[in-house]
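In: After the sequence you'll find the predicted model.
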Amino acid sequence: LEITRTMRTGSRDGSLLDCIDLTSTAMGSRLLADWLAAPLVDIEAITARHDAVEELARDEKLRSDVRKTLASIFDLSRLIGRIATGR
């Protein structure tokens, strides 16, 4: 299964991640890729994640507020990487 990259070209285009990634930020996209590559195995963690997804799916206002907040912040992962490398 070509989860994050295709076997033929090695690109993301055509992978499972490419098909399902509707995230709003680069951070979210990387997190989704990490979750697909290393799925949870602990039932309590799985249940907690499902509950969080269900809450966001049901509450349109909350979902909208989260998107607005995420759109206004910088890509923290990249900033931390730049700080660590001194760039």
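Out: Sure, I can see it. Quick caveat, the model's predicted, so the values are computed rather than measured.
In: Just give the number of residues close to residue 79.
Out: Per other Cβ atoms under 10 Å, the neighbour tally for residue 79 reads 11. Quick note: C-beta positions are derived from backbone N, CA and C, even for glycine.
In: Can you tell me how far it is from residue 26?
Out: Taking Cβ to Cβ, to the nearest Å as the measure, residue 79 falls 12 Å from residue 26.
In: name the helices or strands packed onto the top helix by length along the chain?
Out: Counting by DSSP state H, the longest helix found in the chain is helix 43-58. For helix 43-58, the elements it packs on are helix 60-71, judged by 3 or more Cβ pairs under 8 Å, 6 or more residues apart in numbering; DSSP states H and E.
In: Please compute how far the next helix or strand after the helix it packs on lies from its chain's middle.
Out: Toward the C-terminus, helix 60-71 is succeeded by helix 76-85 as the next helix or strand (DSSP states H and E). Remark: helix 76-85 is offset 18 Å from the chain centroid, using Cα atoms, centre = their mean, to the nearest Å.
In: Only the buried residues of helix 76-85, if you could.
Out: Within helix 76-85, no residue counts as buried by 16 or more other Cβ atoms under 10 Å.
In: Tally up the residues packed near residue 17, please.
Out: Residue 17: 19 surrounding residues under other Cβ under 10 Å.
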